[in-house]
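Chemist: Attaching a predicted model along with its sequence, questions to come.
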Amino acid sequence: MAGVAAGKLRHRVAVQRVTRTIDDAGDKVETVDTITFRRASVRPRNVESQPADAEIVYVVEMHYYEGMSASYRLLVPQESTTLASAISTVDETQAVLAAAFGESVWGDARKRSDYRLLIDDEIVLVHGAHDQTTVTIERGYEGTTAATHASGAAVRALGVFNIAAPVNVDSLNRLSQLLCMKEAT
């Protein structure tokens, strides 16, 4: 990995640290903190050679981040749209958010279980409902802060990529190459 061509790092990914502990009751507790945002290249690895039922492994190349390991994960933008209207830091009602996100995002939310959206530097968790009519939202999710967003701001659905292994870390050239598995959505 001698270098990365200009324009190759086209995805803006969130780097998150996942901490797993056991509480006093003996239950597993997972804490997720968004550490930084980085530019990255994301591509499937040898899709043709993988069995049809295998999880697709992705190769992610990004600027070097000290300490990257399997206890980290990446949130990678997938499909995107824009806000139809502005939202403030306190907007959480379904009517306001449905109008702001538009039917393409909101309609999709009603059909899926939980998923994440990225608006500027804020991660939002959208909870779909089994009745496909009600959606709830958590603002300022996973260590980000609820913020005001202008009409037309980019809204990106995020895929969760768990880091399987750093395969080539080049601290001299400040680049990392990681193998990742995408979580089911």
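Modeler: Okay, I see it.
Chemist: Burial check on the residue nearest to E138 when sequence neighbours are not counted, number of neighbours?
Modeler: Nearest-residue entry for E138: L125, 4.3 Å, with adjacent residues in sequence omitted and distances by Cβ to Cβ, 6 or more residues apart in numbering. C-beta here means a position set from N, CA and C on the backbone, and glycine is covered the same way. Using other Cβ atoms under 10 Å, L125 has 16 other residues around it.
Chemist: which stretch of helix or strand covers L125?
Modeler: Mapping L125 onto the secondary structure by DSSP states H and E places it in strand 122-127.
Chemist: buried sites along whatever helix or strand comes next after that strand?
Modeler: Moving toward the C-terminus from strand 122-127, the first helix or strand encountered (DSSP H and E) is strand 136-138. Taking 16 or more other Cβ atoms under 10 Å as the neighbour-count basis, strand 136-138 is seen to contain the buried residues I137.
Chemist: and strand 136-138, which strands flank it?
Modeler: The strands that strand 136-138 pairs with in its sheet are strand 122-127 (antiparallel) (by DSSP bridges).
Chemist: Restricting to C-alpha, output the strand it pairs with in PDB.
Modeler: Provided in PDB are the C-alpha atoms of strand 122-127 (Å, rounded to 0.1, in the frame of the first residue of the first chain):
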ATOM      1  CA  GLU A 122     -24.900  13.900  14.000                       C
ATOM      2  CA  ILE A 123     -25.800  10.200  14.000                       C
ATOM      3  CA  VAL A 124     -29.500   9.600  14.300                       C
ATOM      4  CA  LEU A 125     -31.100   6.200  15.200                       C
ATOM      5  CA  VAL A 126     -34.400   5.500  13.500                       C
ATOM      6  CA  HIS A 127     -36.600   2.800  15.000                       C
END
